[in-house]
Each structure stands twice: as structure tokens, then as C-alpha cells.
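Enquirer: Sequence first, predicted model second:
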Amino acid sequence: MNITMILSIALAISMAANAGLTYVYLGQRDETTIAQGERDQARGAATACSDATEALRELSDKRTAENKKLRAAAALKAQGHDQKADEILTTPPSDTDDCKAAQQRATTWLKGRK
């Protein structure tokens, strides 16, 4: 074999090896690009979820503050109703007839609602 033949064979082997390595490299590059895209999508979804969770927490805090005032007002109103109920329950009947006494209490209660 002459040197030209040997160099031609070596060049052919080198070209085949380079083609194979290029094919592997391009495949790996494509997989990496896809993985980076998926990673970026996952980051975007996680950020959106985090932002939505923060917004819900802020809304919850706002509603808690608003409802605290309403609960205090309702407790004060209920306290008045409790006092009125205690008064009604501790007042002895004005008549020995239970039905008549109940009618009188209901009439008094209805007058108080006006």
C-alpha cells in the first residue's frame, strides 16, 4: 500500500468519526434545548402559582380585617339580644294562665321591635 492509499483510508475514517460525533452532538444539543424550554415553562408556572398564592394571602388578610369589625358589631348586637332574652326569661308570668301570659309577652316583645 502506498502512502496516498493509507492517507485516504485515514481521512475516510476521520470523516466518518466526525460525522458520527456531529450526529451525537446535535442530538444532545436538541435534548438540552428541549429540557431548557421545559425548565423555563416550569419556572413560569411556579412563579404564576406563587404570585396567585400571594394575592390570595393578601385578599385573606384584607377580608379578615374587614370581618373583624363586622364580628365585633355582631357580638355587641348579640349582647343586647342576650340581655333582652335574660330579662324576658327571668320576669315571672303576669298571669296564671300560661297562654294568656305568653300572649302578653309576645305583645310586649312585638311592641319593642318597632
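Expert: Sure thing, it's come through.

Enquirer: what's the next secondary structure element after the helix or strand harbouring Gly27?
Expert: For Gly27, the host element (DSSP states H and E) is helix 3-90. Where DSSP H and E defines the elements, the next helix or strand beyond helix 3-90 is helix 98-113.

Enquirer: I'd like the average pLDDT over that next one.
Expert: Helix 98-113 carries an average pLDDT of 79.

Enquirer: Please apply the same query to stretch 38-58.
Expert: For stretch 38-58, the mean confidence score works out to 95.

Enquirer: do you know how far the residue most central in space within the chain is from Thr22?
Expert: For the chain, the residue nearest the mean C-alpha position is Thr53 (5.1 Å; C-alpha atoms, centre = their mean). Look at Thr53 and Thr22: by C-beta to C-beta, to the nearest Å, they are 46 Å apart. From N, CA and C alone the C-beta is placed, and that goes for glycine too.

Enquirer: List the contacts of Ala74.
Expert: By C-beta atoms under 8 Å, 6 or more residues apart in numbering, Ala74 lies in contact with nothing.

Enquirer: tell me which residues of stretch 68-85 are tucked away?
Expert: Neighbour counts over stretch 68-85 (16 or more other C-beta atoms under 10 Å) mark no residue as buried.

Enquirer: pLDDT of that stretch, averaged?
Expert: So the average pLDDT for stretch 68-85 ends up being 89.

Enquirer: Please compute how far that stretch lies from its chain's middle.
Expert: 32 Å (C-alpha atoms, centre = their mean, to the nearest Å).

Enquirer: what's the answer for stretch 22-39, then?
Expert: 35 Å.

Enquirer: do stretch 106-114 as well
Expert: That offset, for stretch 106-114, works out to 47 Å (C-alpha atoms, centre = their mean).

Enquirer: Ok, stretch 22-40 next?
Expert: Taking the mean of its C-alpha atoms, stretch 22-40 sits 35 Å from the chain's own mean (C-alpha atoms, centre = their mean).

Enquirer: Then stretch 88-106?
Expert: With C-alpha atoms, centre = their mean, you get 54 Å for stretch 88-106.
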